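Asks: Could you look at this predicted model? Sequence included:
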Amino acid sequence: VDYDVEDAYNALLAFRQFLVILIGSLVVGVIVLGVWTSNKIFRPMDKLVEISEEISNLNIVHDIPQDLRNRKDEIGQLCVSFQSMVEKLRGFVENVSQSSEKVSLFADDMSQISNQVTCATEHIAVSSSDVTERTKEQMDEIKNTVTSVQNIAKGIEELAYNTNSITIFSKEVIEKSNKG
């Protein structure tokens, strides 16, 4: 078998060059695929992680970017779901805020009513105290009147007794004067 060493060496060099180009192409392909995957999958996922962290801190001011919601893959569906959740949280926060304002107004009204009730109670207490004082004064006057009536009654009894004594004495005088 007659081989030309130079032809074999050239064939080996050509095969090595082919392998270097193939491996280089594969490396470039893997890098391009990695960059593409990063741009298409990992960056949107990083953005979703960032937004979910904002949501967990109750920061619901920002929307999910429209370009992420318009995607036609699972990431797009996830972004649409996140946007729906953000909008519902905003509605919930708005409802809580409105309810809080109503509770605050109600509390203010109740405070005013409480102040009015306190003033009315104080007024009633003062009036009750005045009524009690006047009742005591009237009781003292009634006691004085009863004492005066009792004194008058005693005076009338004494007068009746004296009148009766005078009548008896007058009868005796008249009888003695008639007898002679």
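Replies: Received it, and whenever you're ready, just let me know what you need. Residues are numbered from 1 along each chain as shown.

Asks: ok, which stretches of the chain are helices?
Replies: Remark: helices assigned in the chain by DSSP state H are 5-37, 43-56, 66-69, 74-179.

Asks: helices and strands around the longest one, which ones?
Replies: The elements that helix 74-179 packs onto, with contact taken as 3 or more C-beta pairs under 8 Å, 6 or more residues apart in numbering; DSSP states H and E, are helix 43-56, helix 66-69. Backbone N, C-alpha and C define where each C-beta goes, glycine included.

Asks: Quick one: closest of these to Val103.
Replies: Closest to Val103 of the helices and strands packed on helix 74-179, according to C-beta to C-beta: helix 43-56, at 25.8 Å.

Asks: buried residues in the closest one?
Replies: Applying a neighbour-count criterion of 16 or more other C-beta atoms under 10 Å, one finds 44, 47-48, 51 buried in helix 43-56.

Asks: In CSV, list the helices and strands packed on helix 74-179 along with distance to Asn151 and mean pLDDT.
Replies: Listed next are the helices and strands packed on helix 74-179 as CSV, based on distance: least, C-beta to C-beta, whole Å; pLDDT from 0 to 100:
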stretch, distance to Asn151, mean pLDDT
helix 43-56, 95, 85
helix 66-69, 106, 90
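
Asks: can you redo those helices as JSON lines with distance to Ile21?
Replies: Below are the helices and strands packed on helix 74-179 laid out as JSON lines (distance: least, C-beta to C-beta, whole Å):
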{"stretch": "helix 43-56", "distance to Ile21": "31"}
{"stretch": "helix 66-69", "distance to Ile21": "37"}
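
Asks: Leu159 is nearest to which of the ones you listed?
Replies: Closest among the helices and strands packed on helix 74-179, using C-beta to C-beta: helix 43-56, at 105.7 Å.

Asks: gap between the closest one and the chain center?
Replies: 32 Å (C-alpha atoms, centre = their mean, to the nearest Å).

Asks: Report the angle between that helix and helix 5-37.
Replies: Counting by axes from the mean of the first three to the mean of the last three C-alpha atoms, to 10 degrees, helix 43-56 points 30 degrees away from the direction of helix 5-37.
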